[in-house]
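A.B. asks: Quick one, fold the following:
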Amino acid sequence: MQREMSVSGTFYPSRALELERYFEHFSSAYDETSTLPDIKSRAVIVPHAGYVYSGYTANIAYRVLQKSGIKTFVVIGPSHRVAYDGVSLCDFSSYDTPFGSIAAATKLSQSLKEMFTLPCYLQAHAEHSTEVQFPFIKYYIEDASIVELVYSQMNPHTLSEIIDFLLSKEDVGVIISTDLSHFYTLKEASKLDSICLEAIKELDVGMLKRGCEACGHIGIEAMLLSTKKLGLHPHILDYRTSADASDDTSRVVGYVSACFA
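C.D. replies: Here you go, the predicted model:
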């Protein structure tokens, strides 16, 4: 069973050449003003809006991941369309992208299913929060293999146990997908998002619960719990809002990328 694209042509270009130009533009724009951190990381937080808005922010994290040497990643994102309890994992053989398909990490997928008794809710996997990560992975990580996990209602500590298991394997990376606040003015969004950023910087779950309005707050909390246990250090790679692309400051969405090493 192949995981087909569901938001190609809307959240990101459907043509490989156009997609490649996006990535080249994001990288050259970053390199004009910044230097990529000399960090080897296999655990990141990335946004999941349309590439026009959040692609630049996500691109930095994938360039960091590229330097890790890791080939197997688990992409974890929140369900926006289907409500259920827990995490969904389906037996896909591959994941389609405009650059071609990404192989499924079948052995890892089976281990996750057996250890955590994860069901498959197929409808939940027509999900943009995870899918928008796939072209980045295909482009930046040669011979990559992945597993897609889509969660709905669940305890962050339970998701953290899954992340603990994944990061206990030295050849596996974890990608947490989330956007930050939605549809506030730029001033209001900056204030709310600063809570999320500070919580990530301090690995402070308590602070996260004092006003961070990320749609993937469960994933962020789970990642903070796991990375704190492992003694990893957080690094904020980029923060911006949709206003940086649209110039509309009346209703913005916030985006962050971060890595842990």
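A.B. asks: Give me the below-cutoff pLDDT ranges for the stretch 1-150 of the chain.
C.D. replies: Residues of the stretch 1-150 of the chain meeting the criterion pLDDT under 70: none.
A.B. asks: residue ranges of the helices in the stretch 151-261 of the chain, please?
C.D. replies: 156-167, 186-202, 205-208, 217-230, 243-246 (DSSP state H, counting those that start in this stretch).
A.B. asks: Report the contact partners of the nearest residue to Leu159 once chain neighbours are set aside.
C.D. replies: Nearest non-adjacent residue to Leu159, counting by CB to CB, 6 or more residues apart in numbering: Ala222, 3.8 Å away. Heads up, the C-betas are built off the backbone N, CA and C, glycines and all. Ala222 is in contact with Ile76, Pro156, His157, Leu159, Ser160, Ile162, Ile163, Ile176, counting by CB atoms under 8 Å, 6 or more residues apart in numbering.
A.B. asks: Please render those residues as JSON lines that adds neighbour count and distance to Cys90 to the earlier fields.
C.D. replies: Shown next, in JSON lines, are those (neighbours: other CB atoms under 10 Å; distance: CB to CB, whole Å):
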{"residue": "Ile76", "neighbour count": "28", "distance to Cys90": "14"}
{"residue": "Pro156", "neighbour count": "21", "distance to Cys90": "22"}
{"residue": "His157", "neighbour count": "12", "distance to Cys90": "24"}
{"residue": "Leu159", "neighbour count": "24", "distance to Cys90": "17"}
{"residue": "Ser160", "neighbour count": "22", "distance to Cys90": "22"}
{"residue": "Ile162", "neighbour count": "23", "distance to Cys90": "15"}
{"residue": "Ile163", "neighbour count": "25", "distance to Cys90": "19"}
{"residue": "Ile176", "neighbour count": "28", "distance to Cys90": "19"}
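A.B. asks: So which of the residues you listed is the closest to Glu24?
C.D. replies: Nearest to Glu24, judged by CB to CB, of the contacts of Ala222 is Ile176 at 25.5 Å.
A.B. asks: list the contacts for that closest one?
C.D. replies: Ala43, Val44, Ile45, Val46, Ile76, Gly77, Gly216, Gly219, Ile220, Ala222, Met223.
A.B. asks: how much space between the nearest residue to Glu188 once chain neighbours are set aside and Arg251?
C.D. replies: Distance criterion CB to CB, 6+ apart; nearest residue to Glu188, sequence neighbours excluded, is Ser181 at 7.6 Å. Using CB to CB, to the nearest Å, Ser181 is found at 11 Å from Arg251.
A.B. asks: Who has more neighbours out of the two?
C.D. replies: Neighbours per residue, other CB atoms under 10 Å: of Ser181 and Arg251, the larger number sits with Ser181, 22 against 14.
A.B. asks: Hmm, Val256 and the more buried one touching each other?
C.D. replies: No. Ser181 is beyond contact range of Val256, at 10.6 Å (criterion: CB atoms under 8 Å).
A.B. asks: what is in contact with these two at once?
C.D. replies: Taking CB under 8 Å, 6+ apart as the criterion, Ser181 and Val256 both touch Asp193, Cys196.
A.B. asks: one step back: can you lay out the contacts of Ile176 as CSV showing distance to Tyr151?
C.D. replies: Converted to CSV, the contacts of Ile176 look like this (distance: CB to CB, whole Å):
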residue, distance to Tyr151
Ala43, 17
Val44, 17
Ile45, 15
Val46, 16
Ile76, 7
Gly77, 8
Gly216, 9
Gly219, 7
Ile220, 12
Ala222, 9
Met223, 12
